[in-house]
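[1] pasting the sequence and the predicted model now:
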There are 2 protein chains.
Amino acid sequence: MNQDSISVNDKNPKTARGAKTKAKLLEAASLEFGARGYHECMIADITKRANVAMGTFYVYFESKEVVFRELVQYMGQTTRAYISKKLEGVSDRLEAEKKGLHAFIEFARANKDLYRIVMESQFVAEDAYRDYYTSFQKAYAENLRNASSKGEIRNGDDEVRAWGLIGLSVFLGMRYCIWDDSKKVEDVADAAFDLIKNGLKMG
Amino acid sequence: MNQDSISVNDKNPKTARGAKTKAKLLEAASLEFGARGYHECMIADITKRANVAMGTFYVYFESKEVVFRELVQYMGQTTRAYISKKLEGVSDRLEAEKKGLHAFIEFARANKDLYRIVMESQFVAEDAYRDYYTSFQKAYAENLRNASSKGEIRNGDDEVRAWGLIGLSVFLGMRYCIWDDSKKVEDVADAAFDLIKNGLKMG
DNA sequence: ACAGAAATTGAATCTTGATTCATGTTTCAA
DNA sequence: TTGAAACATGAATCAAGATTCAATTTCTGT
């Protein structure tokens, strides 16, 4: 309850003009970090792309790491929102699995820069990275738990299954979105879904 | 065929003494990079841990990045060797899948530093990272292809399945080896194997 | 025992790039 | 109309840390 905790974050823009500048910086940062990585990218690159002076950067962000973290969190919110919207009204777990996978890959393709930023956060802001995936994993495991108790899917260790399935998606995202996006989203999602649904065992 | 290509790499130790020093440096580098990451770790940390002077480092390595790459490659060789040894004589694909998963997790636990180095290589030496996983994936896909043609496993897109299954293992390795290794290797491997074998669909 | 070759040393160098700050410009409520 | 509060500027600062190198020590073959 000291002076600090009652004062507002003085880095937040107070006017529409400031908000616009901050948005330009975030956008520029996303592109630069995404294209060349955290360490290769310098503040000057970001401000140059945003058409502002270097000092302006520090009007809105404490440090280089802080923008980066902001982008990771933003990606978390956006991804969750996108996928949960796509799953609205889907009650069957297997159906949700299929649509979710598709939505995830689609989203990754449309947000390559942010996708890469999230991956890199493991080595730049590890706590942000863990939060990102832990939050997904919690919800995922919960869904599996519900579905298995309703008899929609096999019983199993839902923690482990959730981590495994997330890993599966993440790698597919890396391979078929970032490295090379020439394969059709459908083909990737369908192949993966067959694996998730039926496993490797014969019929 | 110029002077360079016929001359030996003058960074290679010529004597047993030199070989020992280089080994000390590699070991130290592995520990330091593994513990604090590439960018946090400085050459002075490595040489200090290895009990040599800073200059000695540059007798054996061109640069900081070069040791790092050497460690990634080393991890690749070692992992392949370890797993293929564990799979000697196993002809059934599902059995191989189970044993391979177990071996992988076990190996990750025993080599946390190198495991982390490989993950970080994505952002330090991306080509080395891609080589590492692409080499795994090629072999993996080949195995799946053979097994499915023999009718041991379901048919499916072996490229995609291989990437997906690798991702699954990698994430489990991260979560249950690096983040927290309190869960028994068996429990993780068994749960994941059930998923890989049977999928999520009810019996 | 002696001459090179191989190793080792660590202080000094040198680059890179994040962050600061003193100064100028805009906005807007009273 | 005016004067704070917000914004914006970009050259200068400053620290960090990779890499170098000239001098010194240890080996090794003969």
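    Thanks, I have it.
[2] from here on, contacts and neighbour counts on C-alpha atoms
    Noted.
[3] which residues of chain A lie near chain B?
    For chain A, the residues in contact with chain B (C-alpha under 8 Å from any C-alpha of the partner chain) are A:37, A:94, A:120, A:123, A:151-154, A:156-157, A:160-161, A:163-172, A:175, A:188, A:191-192, A:194-203.
[4] out of these, which are inside helices?
    Taking DSSP state H, the ones among the residues of chain A next to chain B that sit in helices are A:94, A:120, A:160-161, A:163-172, A:188, A:191-192, A:194-198.
[5] circling back: show me which of the residues of chain A next to chain B are buried.
    Among the residues of chain A next to chain B, those classed as buried by 16 or more other C-alpha atoms under 10 Å in any protein chain shown are A:37, A:94, A:120, A:123, A:152-154, A:156-157, A:160-161, A:163-172, A:175, A:188, A:191-192, A:194-201.
[6] check contacts around the residue nearest to A:Ala35 when sequence neighbours are not counted.
    Leaving aside its chain neighbours, A:Ala35 sits nearest to A:Asp113 (6.6 Å; criterion: C-alpha to C-alpha, 6 or more residues apart in numbering or on different chains). When contacts are counted by C-alpha atoms under 8 Å, 6 or more residues apart in numbering or on different chains, A:Asp113 touches A:30-31, A:33-35.
[7] which parts of the one helix or strand A:Arg130 maps to are buried?
    When elements are assigned from DSSP states H and E, A:Arg130 belongs to helix A:126-149. For helix A:126-149, a neighbour-count test (16+ other C-alpha under 10 Å) marks A:128-129, A:132, A:136-137, A:140-141, A:143-145, A:147-148 as buried.
[8] what's the closest of those residues to B:Ala108?
    A:Tyr129 (20.0 Å; C-alpha to C-alpha).
[9] isn't the closest one right up against A:Ser121?
    Yes: in this structure, A:Tyr129 is within contact of A:Ser121 by C-alpha atoms under 8 Å, at 5.5 Å.
[10] overlap in contacts of those two?
    Common contact partners of A:Tyr129 and A:Ser121 (C-alpha under 8 Å, 6+ apart): A:Val72.
[11] let me know the pLDDT of the residue nearest to A:Ala35.
    Looking at A:Asp113, its pLDDT stands at 98.
[12] and it, helix, strand or coil?
    Following DSSP: H, G, I helix; E, B strand; the rest coil, A:Asp113 is assigned to helix.
[13] from A:Tyr133, how far off is it?
    Going from A:Asp113 to A:Tyr133 by C-alpha to C-alpha, to the nearest Å gives 17 Å.
[14] A:Ser169 now?
    12 Å.
[15] with A:Glu186 instead?
    To A:Tyr133, A:Glu186 is 24 Å away according to C-alpha to C-alpha.
[16] with A:Asn51 instead?
    34 Å.
[17] likewise A:Ala23?
    In terms of C-alpha to C-alpha, A:Ala23 sits 25 Å off from A:Tyr133.
[18] got it, and A:Val67?
    A:Val67 sits 19 Å away from A:Tyr133, going by C-alpha to C-alpha.
[19] now do A:Met174
    Distance from A:Met174 to A:Tyr133, by C-alpha to C-alpha: 15 Å.
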